[in-house]
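Student: what would the 3D arrangement of this be:
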Amino acid sequence: MRSSFTFVAAPLLVVAYGLIRLLDGLDGERGPGLAWTTGHLAFLVALFLFLPLLWELRRRAGEGRFATVTAAVAVVGIVCSLVQISVDLVVGALAADHDDMRHRFTGFHNLPGVDLVVYEAGPVLFYLGLVVLVWRLVAAHAVPTWRAVAVTLAVCVAPMNLDLLPVVGLLLLVGLAPFPRRLAP
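Tutor: Numbering: from 1, shown residues only. The predicted structure follows:
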């Protein structure tokens with residue numbers, strides 16, 4: 001897969017997920033249903049696209065130990081996010097209505113460590129790794145500072161309110177796409 005595709009498609013799918021999520025909540029509740037499933041599938045694909053994107057950032061950051069460990073930490077965060085989104089999809093598919101969804105989620109959240117690993121600390125590793133890799137490229141004078149600022153802003157906005165996910169995706173798009181094919185020496 002061409003890396004330029006992932007640098008555009010992953011952020012755009014975050015925008016799509018955010019917009020679909022907003023539409024899904026217009027009635028005061030989110031899920032289950034077509035909007036819930038479609039939005040979560042968009043985010044699931046975005047997360048899978050971030051995997052080669054991270055590895056490309058690692059390559060462009062010099063492929064050294066620091067870049068490799070940073071990318072690996074970010075991949076762990078993506079795996080945690082993939083579990084979260086997969087659970088959301090399964091619960092949405094199985095639930096008859098919103099109350100049934102809430103009940104099904106409670107069972108999963110009651111498992112020891114799930115909230116910390118899958119919902120709280122785990123996904124943060126992805127965002128942390130992404131920010132560190134982009135700033136590493138700035139430090140190497142490989143990309144302009146504004147790219148890293150946009151990615152950092154996206155990561156700071158994300159936990160504020162999930163309704164801001166379209167903004168997060170647009171900031172990621174500004175920071176990552178079109179990513180230069182050739183990096184400055």
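
Student: for the most centrally placed residue in the chain, phi and psi?
Tutor: Central residue check for the chain by Cα atoms, centre = their mean: the C-alpha nearest the mean position is that of Leu47, 5.4 Å away. Main-chain torsions, Leu47, degrees, to the nearest 10: phi -60, psi -40.

Student: pretty sure it is touching Ser81, no?
Tutor: Yes - using Cβ atoms under 8 Å, Leu47 is in contact with Ser81, at 5.4 Å. In this view, the C-beta of every residue, glycine as well, is placed from N, C-alpha and C.

Student: distance of Val87 from Gly107?
Tutor: Computed as Cβ to Cβ, to the nearest Å, the Val87 to Gly107 distance reads 10 Å.

Student: higher neighbour count, those two?
Tutor: With neighbours defined as other Cβ atoms under 10 Å, Val87 and Gly107 compare such that Val87 has more, 18 against 9.

Student: residues contacting that one?
Tutor: Phe105, Phe108, Val118 (Cβ atoms under 8 Å, 6 or more residues apart in numbering).

Student: again, 10 Å this time
Tutor: Taking Cβ atoms under 10 Å, 6 or more residues apart in numbering as the criterion, Val87 is in contact with His40, Arg104, Phe105, Phe108, His109, Val114, Val118, Tyr119.

Student: and for the lowest-mean-pLDDT helix or strand in the chain, what's in contact with it?
Tutor: In the chain, the helix or strand scored least confidently by mean pLDDT, DSSP states H and E is helix 98-109, which has a mean of 93. Here helix 98-109 makes contact (Cβ under 10 Å, 6+ apart) with 27-33, 36, 83-84, 87-88, 90-92, 94-97, 114-115, 118-119.
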